[in-house]
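Asker: Let me see the structure of the following:
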Amino acid sequence: MLVKVRLRLLLVLLVLAPGAAFARPARAGSLEAKVDAYLAPYVTAKDFSGAVLLPKDGKVLLRKGYGLASQELGVANGPETKFHIASVTKTFTAAAVVLLGREGLLRLDDPLTRYIPGFPRGGEITIAHLLGHSSGIPDIFSLPEFEEMKTRRVPITELIALLETKPLDFAPGTASGYSNSGYALLAYIVEKVSGRNYQDVLRERIF
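Answerer: Modelled structure (predicted):
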């Protein structure tokens with residue numbers, strides 16, 4: 001269990017601009033050598049491929065990539081490697097919602113219609129339902145329109161208009177169903193409440 005906890009701590013410290021994986025030998029006994037040794041079995045087993053950042057008192061002690069950015073091409077993670085973090089963004093969205101809630105700009109029991117007037121059954125759907133995947137709003141990935149939409153940037157207003165035409169998968173709060181759509185709506189609410197772009201909110205309040 002302790003090993004898993006330590007590994008999770010290292011993963012939490014990941015950044016998007018690491019150094020090359022094992023590009024040069026680390027000085028024996030150094031922090032880098034210790035991290036290399038710790039991660040080596042995970043990298044070898046292909047259980048970890050990413051980046052680690054270890055800061056202390058405003059100073060970067062270690063900033064390094066491990067494993068491959070491309071298994072197919074054998075390309076190591078380097079200083080400019082960009083990672084597809086996918087649904088990790090949901091954690092940031094939820095954090096932004098909680099921060100705005102603490103500032104009194106929204107409440108978790110607010111109905112969706114407070115932010116998107118006229119949304120079908122939106123009076124029954126709360127922010128808490130969206131956060132917990134219990135709103136009943138269908139996942140955009142499951143809709144037939146997604147095949148065309150995935151090839152282009154889709155304005156949130158277009159997504160909302162589409163979701164308003166779709167029946168709920170279940171009554172709000174009665175079941176659980178993973179919904180990317182729900183988190184897209186939360187990101188929209190973050191923008192509407194804060195008066196800022198989503199990326200600016202994350203940059204200024206979280207990162």
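Asker: Report pLDDT for the residue nearest the centre of the chain.
Answerer: In the chain, the centroid-proximal residue (Cα atoms, centre = their mean) is Thr89; its distance is 1.6 Å. We have a pLDDT of 94 for Thr89.
Asker: so how far is Leu108 from it?
Answerer: 20 Å (Cβ to Cβ, to the nearest Å). Using the backbone N, CA and C atoms, a C-beta is placed for each residue, glycine as well.
Asker: Then Pro155?
Answerer: 26 Å.
Asker: Over to Leu39?
Answerer: From Leu39 to Leu108 the distance is 38 Å (Cβ to Cβ).
Asker: between these two, who's got more neighbours?
Answerer: Leu39 (21 against 14; other Cβ atoms under 10 Å).
Asker: element containing the more buried one, please.
Answerer: helix 31-44 (DSSP states H and E).
Asker: tell me the SS of the residue nearest to Val193 when sequence neighbours are not counted?
Answerer: Distances taken as Cβ to Cβ, 6 or more residues apart in numbering put Leu105 closest to Val193, at 4.7 Å, once the chain neighbours are dropped. Using DSSP: H, G, I helix; E, B strand; the rest coil, the structure places Leu105 in coil.
Asker: Flag the shaky bits of the protein, pLDDT-wise.
Answerer: 1-25, 79 (pLDDT under 70).
Asker: distance of the residue of the chain positioned farthest from its centre from Ser87?
Answerer: The C-alpha centroid of the chain is most remote from Ala28, which lies 35.9 Å away (Cα atoms, centre = their mean). For Ala28, the distance to Ser87 (Cβ to Cβ) stands at 39 Å.
Asker: Looks like Leu130 contacts Ala187 (just checking).
Answerer: No: Leu130 lies out of contact with Ala187 (Cβ atoms under 8 Å); the separation is 10.2 Å.
Asker: quick one, which of those two is more surrounded?
Answerer: Using other Cβ under 10 Å, the more surrounded residue of Leu130 and Ala187 is Leu130, with 25 against 21.
Asker: circling back to that earlier point, which of the helices or strands spans the residue farthest from the centre of the chain?
Answerer: Using DSSP H and E, no helix or strand contains Ala28.
Asker: Having no further points to raise, I will conclude here.
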